[in-house]
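1. Build the 3D model from these lines:
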Amino acid sequence: MRIMLVTDAWEPQVNGVVRTLSRTVAELRAMGHEVEVVSPNDGYRTIPLITYSEIRLAIGARGDIEDRFESFEPEAVHIATEGTLGWDARAVCLKHRFPFTTSYHTQYPEYVTARFPWLPLSAGYAVMRAFHDRSGRVMVATPTVRDLLQSRGFSNLTVWSRGVDTVQFNPDKRGIDGGVYAGLARPIWVNVGRVAVEKNIEAFLKCDLPGTKVVVGDGPQRDELIKRYPEAVFPGARFGDELARYFADADVFVFPSFTDTFGLVILEAMATGTPVAAYVAPGPKDIIPGSGAGVIDDDLRTACMGALDIDRAAARAYAETFSWRACAEDFLHNLQPLDVPERQRFWQRIKALGRLRRKRPAPTTPR
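-> Purely as a prediction, here's the structure:
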């Protein structure tokens, strides 16, 4: 199948959305599918997203997206994000009456309200509904997010689960050369991710816990939290095998977020054998209950202390039930490609329109 994937979030950004999309694309290509990725890296003029400068928003890309759409002749189009590229791709599909699917990776209404409390949550959801209202299927990470969006007036929702790299994130990374936390008081409680207000990291840092709290990552709130919680350790962002060691050498991974739709870091921690403590929130409450790999509770300290007693082998075993191949197969199942006869008629019509455009004389400009 030829699949066009349009995303405002792409490498070299490091976040759960990019990891999900890049691993899904890699699996699709390994399965023999051809994937055309449209991203801000494709030579477009870009501007930084307000309060999230790592994300660059492409400006004036609609014409190029339409040209690439006509040249690639996709059998299915998936619009992964609600940024400028997403809106442009949506407009192209609607113009040509081509079916498309979308995904809801991020609770943007909650993110925006967390940063700008004067903006009502309902306004954010109105924008999100407008973006997804013509999608054949809106892919969401968990049943909890599906139910939340249904209550907010969304339709055509379907679950698209996630995977984890169990080779990179592995219990064998634990304790190498004394471990990355050598010299710190145990137990080690770690949080990994973007250090920003919507991640609710301060709730973790406020917890009365023995041992040492560690926050791995960077972001706009990091300097503020370093000043306010000098007893915590902030090693900055870590990547690859080094990041896997920060997961593996911890005693408990603490995930205090209420705004994530899944939380890939939860699976990455479990894959290294580190149990997870979290609030009862979207993501954790879909992944953790019944897993034997973590604890959720309305009181974060209770969840943390309970997670200390979990068998690390059980956490690893649960993570092994998730794979990126299954994630890609799930994605394929959720796509809505044109059937073969309709596809042939569609591209014949598009090519005919293209020939007509090329035959038209160029407009003359009066002097």
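2. Could you pull out the strands in the stretch 51-200 of the chain for me?
-> For the stretch 51-200 of the chain, the strands defined by DSSP state E, counting those that start in this stretch occupy 52-59, 76-79, 101-104, 138-140, 157-159, 188-192.
3. Tell me which strands the last one pairs with, and in which orientation.
-> Think strand 188-192. Strands that pair with strand 188-192, judged by DSSP bridges, come out as strand 212-216 (parallel), strand 252-255 (parallel).
4. Would you pull up how far that strand lies from the middle of the chain?
-> Distance, stretch centre to chain centre, for strand 188-192: 20 Å (CA atoms, centre = their mean, to the nearest Å).
5. for the strands of the stretch 51-200 of the chain, which one sits closest to Glu198?
-> Relative to Glu198, the nearest member of the strands of the stretch 51-200 of the chain by CB to CB is strand 52-59, separated by 10.0 Å. To be clear about C-beta, it is placed using only N, CA and C from the backbone, and glycine gets the same treatment.
6. in that closest one, what's buried?
-> Buried residues in strand 52-59, counted by 16 or more other CB atoms under 10 Å: 52, 55-58.
7. for those residues, which one is nearest Ala278?
-> Closest approach between those and Ala278, by CB to CB: Tyr52, at 23.1 Å.
8. Is that closest one bridged to anything, and to what?
-> Taking DSSP bridges as the rule, Tyr52 bridges to Leu49.
9. ok, it to Pro220 distance?
-> 8 Å (CB to CB, to the nearest Å).
10. Repeat that for Asp64.
-> Separation of Asp64 from Pro220 (CB to CB) stands at 31 Å.
11. Looking at the strands of the stretch 51-200 of the chain, spot the one closest to Val216.
-> The nearest among the strands of the stretch 51-200 of the chain, by CB to CB, is strand 188-192 at 4.5 Å.
12. List the residues that contact the closest residue to Gly153 other than its chain neighbours.
-> With sequence-adjacent residues excluded and distances taken as CB to CB, 6 or more residues apart in numbering, Gly153 is closest to Arg129, at 5.7 Å. Arg129 makes contacts with 152-154, as judged by CB atoms under 8 Å, 6 or more residues apart in numbering.
13. go again using 10 Å as the cut-off
-> 149, 152-155 (CB atoms under 10 Å, 6 or more residues apart in numbering).
14. Among the residues you listed, name the buried ones.
-> Buried by 16+ other CB under 10 Å: 149, 154, out of those.
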